[in-house]
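> Coordinates for the following, if possible.
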Amino acid sequence: MNTQDYARWFRASTPYISAHRKQTFVVLLPGEALAHPNLVNVVHDLALLHVLGVRLVIVHGARPQINAALSDSRSACRMETHDGVARRITDPDAMQAIAGVYGQLRTELEALFSTGVPTSPLHNAEIQIAGGNFITARPIGVLDGVDYQLTGRPRRVQAHRLNAMLDAGAIVLLSPIGYSPSGQPFNLAADELAGEVAVALKARKLIAFDRQPYLADADGQRLGNLSPASASAMLESGSVDEATGRHLATLAQAVAGGVASGQLVSHEDDGALLAELFTAEGVGTQITEDDRHTVRRAEPRDVADIVEVIRPLEEAGVLVKRSRDRLEREVERFLVAEVDGFVIGCCALYPAGNSVELACVAVHPAHRSAAGSGAGARLLAAAEDAARAQGFERMFVLTTQTRDWFVEQGFEDGSLDDLPTPKQTLYNHARGAKVLVKALA
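Just a heads-up that it's a prediction; the model follows:
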């Protein structure tokens, strides 16, 4: 073991440990995850979150297990699609078999969380798993002439009872079954239930485990962050498979419903959950609301975060190096972009006559996006608004490696003569930065 790398990673994870403590996370474990050999590691990582003070509600699925259990009954396995969503028609015989599958899977999960042998990460953890009839359900009814019988939808989530269990220090494990006021059980979609629970609990995160490690763009590059609108557009394009599409739709709807963020992570890759939650770059795809409210004026407490954001670009020669002392003196000139309470980007404004220089534009790689979106575009928009409010007529930027991005944002190529006279005097000819300008009128 490289102890220095381990220590560096552990220190870097400290802000995330602090931010996640006492927060409510709802986790969707689909049936595919329960059947995968990596399930043991997933359970250990969820247990670690619990030990670190995260309030966990786990909703498990069972689609492949139910398909296997009902394989001998053609009618019981019948699926119908309505509004693009495939649902099982659940007759009474199928409901009995499905309840048995859920019971078996729940027992297996409880056993994994109860492992306490000395060689297990759960040794001496003493994790309590709680469950109950927390979900009131209603039948889907007849859609397009098809009676879905005992297939239902969540009608009400008893959030106060779930919170009481979480307050008592338990992990809540929910099977996708809900009950009518008359006591009739209904078969629910696990992803839909997880989304409803997350919204009802005002959860900080909804995490969906998926076969895919992340969502990718047309070039196969990982999309670290998406807005609900971008996620919906991806669904409409048909660029994701059916299972991942269900998870993506659930995450987008939950975030639109008030959940702070949704995460899609792999259930096949060991440690994917921890890498997503405790590193700045993450490894999956996060869904968050995409607006300018994530950009604000920097405060003295942000200096350390700004240092970490700009340091890689300074080392690569993209940005001119700034000392921490200088940043502390000039912090009031900075704007910062936040995601989930963490600073992931910054920029600064330096007045020069009737013009203003945009400088130190930096965004963490995981949060860079296309020309019209992403933290960089939001920072620029906020900077332009701030400059106009102060009466500046023009903005200019000096860059050595990011000319094309600024052109995409509406800047035009300029020359040394376009700079204010004092800035011309200070221009570093050895660095050879390109001059770009943009009118703010």
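> How far off centre is stretch 426-441?
Centroid separation for stretch 426-441 versus its chain: 36 Å, with C-alpha atoms, centre = their mean, to the nearest Å.
> In this protein, which residue is most central in space?
With distances taken as C-alpha atoms, centre = their mean, the residue of the chain nearest its centroid is residue 286 (2.4 Å).
> helix or strand right after the helix or strand harbouring that residue?
Using DSSP states H and E, residue 286 maps to strand 285-287. Note on strand 285-287: by DSSP H and E, the next helix or strand toward the C-terminus is strand 295-297.
> Can you point out the buried residues in the following helix or strand past that next one?
Sequence order places helix 303-315 as the next helix or strand after strand 295-297, per DSSP H and E. Neighbour counts over helix 303-315 (16 or more other C-beta atoms under 10 Å) mark 303, 305-307, 309-310, 313 as buried. Every C-beta, even on glycine, is put in place using the N, C-alpha and C of the backbone.
> closest to residue 51 among those?
Set against residue 51, the nearest of the buried residues of helix 303-315 by C-beta to C-beta is residue 305 (26.6 Å).
> Name whatever forms a beta bridge with the closest residue in space to the closest one that isn't next to it in sequence.
Using C-beta to C-beta, 6 or more residues apart in numbering and skipping residues adjacent in sequence, the residue nearest residue 305 is residue 343, 3.7 Å away. Taking DSSP bridges as the rule, residue 343 bridges to residue 338.
> Residue 343 and residue 326, how far apart?
Here residue 343 is placed at a distance of 18 Å from residue 326 (C-beta to C-beta, to the nearest Å).
> Also residue 385?
Residue 385 is 25 Å from residue 326, by C-beta to C-beta.
> again with residue 167
For residue 167 relative to residue 326 (C-beta to C-beta), the value is 47 Å.
> Might you report the residue contacts of residue 337?
294-295, 343-346, 363, 367, 375, 378-379 (C-beta atoms under 8 Å, 6 or more residues apart in numbering).
> one more time with 6 Å, if that's ok
294-295, 344-345, 375, 378-379 (C-beta atoms under 6 Å, 6 or more residues apart in numbering).
> JSON lines please, covering these and showing distance to residue 336 and neighbour count.
JSON lines is the format used below for those (distance: C-beta to C-beta, whole Å; neighbours: other C-beta atoms under 10 Å):
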{"residue": "294", "distance to residue 336": "9", "neighbour count": "20"}
{"residue": "295", "distance to residue 336": "7", "neighbour count": "22"}
{"residue": "344", "distance to residue 336": "8", "neighbour count": "26"}
{"residue": "345", "distance to residue 336": "7", "neighbour count": "26"}
{"residue": "375", "distance to residue 336": "10", "neighbour count": "27"}
{"residue": "378", "distance to residue 336": "11", "neighbour count": "22"}
{"residue": "379", "distance to residue 336": "8", "neighbour count": "25"}
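> Would you mind checking which of those is nearest to residue 438?
residue 379 (14.2 Å).
> The closest one contacts residue 346, correct?
No: contact criterion C-beta atoms under 6 Å: residue 379 and residue 346 do not qualify, at 7.2 Å.
> what is the mean pLDDT for the longest helix along the chain?
Looking across the chain with DSSP state H, the single longest helix is helix 92-113. Mean pLDDT, helix 92-113: 93.
> Mind exporting the C-alpha coordinates of that helix to PDB?
Below are the C-alpha coordinates for helix 92-113, written out as PDB (Å, rounded to 0.1, in the frame of the first residue of the first chain):
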ATOM      1  CA  PRO A  92     -53.300 -12.500  -7.700                       C
ATOM      2  CA  ASP A  93     -51.300 -15.700  -8.300                       C
ATOM      3  CA  ALA A  94     -48.400 -13.600  -9.600                       C
ATOM      4  CA  MET A  95     -48.700 -11.300  -6.500                       C
ATOM      5  CA  GLN A  96     -48.200 -14.200  -4.200                       C
ATOM      6  CA  ALA A  97     -45.100 -15.300  -6.000                       C
ATOM      7  CA  ILE A  98     -43.700 -11.800  -6.200                       C
ATOM      8  CA  ALA A  99     -44.200 -11.300  -2.400                       C
ATOM      9  CA  GLY A 100     -42.200 -14.500  -1.900                       C
ATOM     10  CA  VAL A 101     -39.400 -13.200  -4.200                       C
ATOM     11  CA  TYR A 102     -39.300  -9.900  -2.300                       C
ATOM     12  CA  GLY A 103     -39.200 -11.700   1.000                       C
ATOM     13  CA  GLN A 104     -36.200 -13.900  -0.100                       C
ATOM     14  CA  LEU A 105     -34.200 -10.900  -1.400                       C
ATOM     15  CA  ARG A 106     -34.900  -8.900   1.700                       C
ATOM     16  CA  THR A 107     -33.600 -11.800   3.900                       C
ATOM     17  CA  GLU A 108     -30.500 -12.000   1.800                       C
ATOM     18  CA  LEU A 109     -29.800  -8.300   2.100                       C
ATOM     19  CA  GLU A 110     -30.400  -8.300   5.800                       C
ATOM     20  CA  ALA A 111     -27.900 -11.200   6.100                       C
ATOM     21  CA  LEU A 112     -25.300  -9.200   4.200                       C
ATOM     22  CA  PHE A 113     -25.700  -6.200   6.500                       C
END
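> Return the distance of that helix from the chain's centre.
29 Å.
> Quick one: list the elements packing against it.
Identification of packing neighbours for helix 92-113 by 3 or more C-beta pairs under 6 Å, 6 or more residues apart in numbering; DSSP states H and E yields helix 63-69.
> what are the C-alpha coordinates of the helix it packs on, in CSV please?
Presented in CSV, the C-alpha positions along helix 63-69 are these (Å, rounded to 0.1, in the frame of the first residue of the first chain):
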residue,chain,number,x,y,z
ARG,A,63,-37.2,-7.6,-12.0
PRO,A,64,-34.9,-10.4,-13.2
GLN,A,65,-35.7,-12.5,-10.1
ILE,A,66,-39.4,-12.1,-10.7
ASN,A,67,-39.1,-12.9,-14.4
ALA,A,68,-37.3,-16.2,-13.4
ALA,A,69,-39.9,-17.0,-10.7
